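> My questions concern the predicted model and sequence given below.
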Amino acid sequence: MEEVDTVCRQVRVTPEDGLHLRPLQLLVRKALTFSSTITLTFDGRRADVKSAFDLMLLAAPTGAVLDLETTGPDASAAADAISELFQTGFKITSSEVH
């Protein structure tokens, strides 16, 4: 049986327009590379990070602190990758451009 881990962290929204379309697109694209369940919670609302629609409904403004939870066999790597997007202000590297 596969080992399942859960990782919980807090992340802060840093883009000046909050979680608008571009950061949402980057979050979903990154989340889809993991098999773990990845959720963000803000102000009592919970979103599946693999769903742009769910993320839009969070309506998280600049400065908002979100609870990140990853559950699955690659939970630690998923939490690291999603946290890094928030920490870098959703800046992408040239290797991530398709």
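On my side now, so go ahead.
> Where does the prediction get shaky in the protein?
In the predicted model of the chain, residues 1-2, 92-98 satisfy pLDDT under 70.
> So which residue is dead centre in it?
Centroid-nearest residue in the chain: residue 82, 4.5 Å away (criterion: CA atoms, centre = their mean).
> Quick one: residues in contact with the host helix or strand of that residue.
For residue 82, the host element (DSSP states H and E) is helix 75-87. Identification of contacts with helix 75-87 by CB atoms under 8 Å, 6 or more residues apart in numbering yields 4-7, 9, 11-14, 23, 26-27, 30-31, 33-34, 36, 38, 49, 66, 68, 70, 72. Every residue, glycine included, has its C-beta placed from N, CA and C.
> Weed out the non-buried ones from the residues you listed.
7, 11, 13-14, 23, 26-27, 30-31, 34, 36, 38, 49, 66, 68, 70, 72 (16 or more other CB atoms under 10 Å).
> Of these, which belong to helices?
Cross-referencing the buried ones among the contacts of helix 75-87 against helices under DSSP state H gives 23, 26-27, 30-31.
> what about residue 85, distance to residue 48?
16 Å (CB to CB, to the nearest Å).
> Quick check on the two: which one has the bigger neighbour count.
Applying other CB atoms under 10 Å to residue 85 and residue 48 shows that residue 85 carries more neighbours, namely 20 against 15.
> For the more buried one, give its distance to residue 66.
12 Å.
> for residue 50, same thing?
15 Å.
> Kindly report the same for residue 33.
For residue 33, the distance to residue 66 (CB to CB) stands at 20 Å.
> who's in contact with residue 58?
For residue 58, the contacting residues are 19, 40, 42-43, 45, 47, 66, by CB under 8 Å, 6+ apart.
> do that again at 7 Å, thanks
The contact partners of residue 58, taken as CB atoms under 7 Å, 6 or more residues apart in numbering, are 19, 40, 42, 45, 47.
> cool, residue 10 as well?
Taking CB under 7 Å, 6+ apart as the test, what residue 10 contacts is 65-68.
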